[in-house]
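Colleague: Got a sequence here, can you build the structure:
(one chain, ligands or ions: 2)
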Amino acid sequence: MRVVVPFAAENPKTRLSGVLDADERAAFARAMLADVLDAVRNAGRTPTVLATAPVDVDASVRVDDRSLTTAVNAVLDEDDGSVAVVMADLPLVTSAVLDRLFDADGDVVIAPGRGAGTNALVVRDDEFHTDFHGASYLDHREAAAAVGAEVTVVDSHRLATDVDERADLVEVLVHGDGRAATWLANNGVRIERGNGRVNAVRVDD
Ligand SMILES: Nc1nc2c(ncn2[C@@H]2O[C@H](COP(=O)(O)OP(=O)(O)OP(=O)(O)O)[C@@H](O)[C@H]2O)c(=O)[nH]1
Ligand SMILES: C[C@H](OP(=O)(O)O)C(=O)O
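Modeller: Residues are numbered from 1 along each chain as shown. Ligands and ions are numbered 1, 2, ... in the order given. Sure, this is the predicted structure:
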């Protein structure tokens with residue numbers, strides 16, 4: 001099975017601008033990517049990074065500067081077998097949860113993200129195409145139905161946790177033990193408990 005890891009190499013994670021500056025977002029995105037690549041390898045697969053620009057990483061890199069949807073669909077179109085797509089902003093993923101994803105039956109296997117997104121997919125149907133952003137989980141279910149593809153959903157906290165916003169950093173600090181969690185700790189991001197809420201704050205906030 002081909003495993004591709006899409007990665008926005010330039011100006012990533014803009015929704016974290018309120019807590020990390022541009023250089024920090026780039027470094028944190030790279031740490032999350034490294035965690036994902038480690039998990040894919042530990043699941044016995046060889047990942048390919050599908051990046052918007054060249055990136056110096058310990059994996060093969062395919063550069064495609066088109067939109068995420070167009071770039072992923074190009075990979076699907078040139079592969080007759082099954083293709084897995086695992087996003088690069090899933091720092092809680094483990095080989096065990098990826099095994100569940102890769103081994104699940106179904107023409108299209110979807111791991112939803114919070115907020116109706118799609119964090120990972122396995123595609124075994126030649127006619128199915130992706131449509132990321134917005135309510136992509138719902139859109140992907142509809143796209144599968146339209147081509148008669150059977151859908152399996154993988155229900156997993158670790159796969160559902162994509163890191164987009166400050167609140168998502170809490171999940172990394174609480175549940176993560178990889179490079180992304182270490183990067184946050186080393187850069188003064190920690191959890192703060194107060195008023196019955198848990199927030200991610202910078203030490204210098
Ligand atoms: N190849 C490729 N990957 C992308 C593209 N846009 C986003 N990604 C990756 O797809 C995944 C989900 O994207 P987003 O959550 O929107 O990540 P992002 O673009 O870094 O974050 P924001 O700037 O906050 O939207 C992450 O792994 C990104 O690195 C793109 O245009 N091409
Ligand atoms: C890739 C995209 O991620 P988001 O921008 O919603 O985090 C999606 O889930 O379709």
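Colleague: Next, A167: secondary structure please.
Modeller: Recorded secondary structure, A167: helix (DSSP: H, G, I helix; E, B strand; the rest coil).
Colleague: Which helix or strand contains L37?
Modeller: L37 belongs to helix 22-42 when elements are defined using DSSP states H and E.
Colleague: Stretch 69-85 and ligand 1, are they touching?
Modeller: Yes - judged by CB under 6 Å from any ligand atom, stretch 69-85 comes into contact with ligand 1 through A71. Bear in mind the C-beta positions are built from the backbone N, C-alpha and C, glycine included.
Colleague: what residues are up against the spatially most central residue of the chain?
Modeller: The chain has M87 as the residue nearest its centroid, 2.3 Å off, counting by CA atoms, centre = their mean. M87 makes contact with 5-6, 36, 113, 119-120, 162, according to CB atoms under 8 Å, 6 or more residues apart in numbering.
Colleague: Let me see the confidence value for it.
Modeller: With respect to pLDDT, M87 scores 98.
Colleague: hey, where'd the helices end up in this structure?
Modeller: 22-42, 68-77, 95-103, 136-146, 157-160, 166-175, 179-186 (DSSP state H).
Colleague: For these, give me a markdown table that also has mean pLDDT.
Modeller: Below are the helices of the chain laid out as a markdown table (pLDDT from 0 to 100):
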| stretch | mean pLDDT |
| --- | --- |
| helix 22-42 | 98 |
| helix 68-77 | 98 |
| helix 95-103 | 98 |
| helix 136-146 | 98 |
| helix 157-160 | 98 |
| helix 166-175 | 97 |
| helix 179-186 | 98 |
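Colleague: Return the residues of the protein in contact with ligand 2.
Modeller: Residues of the chain lying near ligand 2 (CB under 6 Å from any ligand atom): 68, 113, 117-118, 132-133, 136, 162, 164.
Colleague: What subset of those is buried?
Modeller: 68, 113, 117-118, 132, 136, 162, 164 (16 or more other CB atoms under 10 Å).
Colleague: got the contact list for the residue in the chain positioned nearest to ligand 2?
Modeller: Scanning the chain for the residue nearest ligand 2 gives G117, at 2.5 Å (criterion: CB to the nearest ligand atom). For G117, the contacting residues are 132-133, 135-137, 162, by CB under 8 Å, 6+ apart.
Colleague: How about F102?
Modeller: By CB under 8 Å, 6+ apart, the contact set of F102 is 1, 3, 43, 45, 84, 122.
Colleague: can you pull up the bridge partners for the fifth one?
Modeller: Each beta-bridge partner of A84 is listed here, defined by DSSP bridges: V3, V122.
Colleague: show me the contacts for it.
Modeller: Counting by CB under 8 Å, 6+ apart, A84 makes contact with 1-4, 45, 101-102, 120-123.
Colleague: swap in T48?
Modeller: Contacts of T48 by CB under 8 Å, 6+ apart are 2-5, 59-62.
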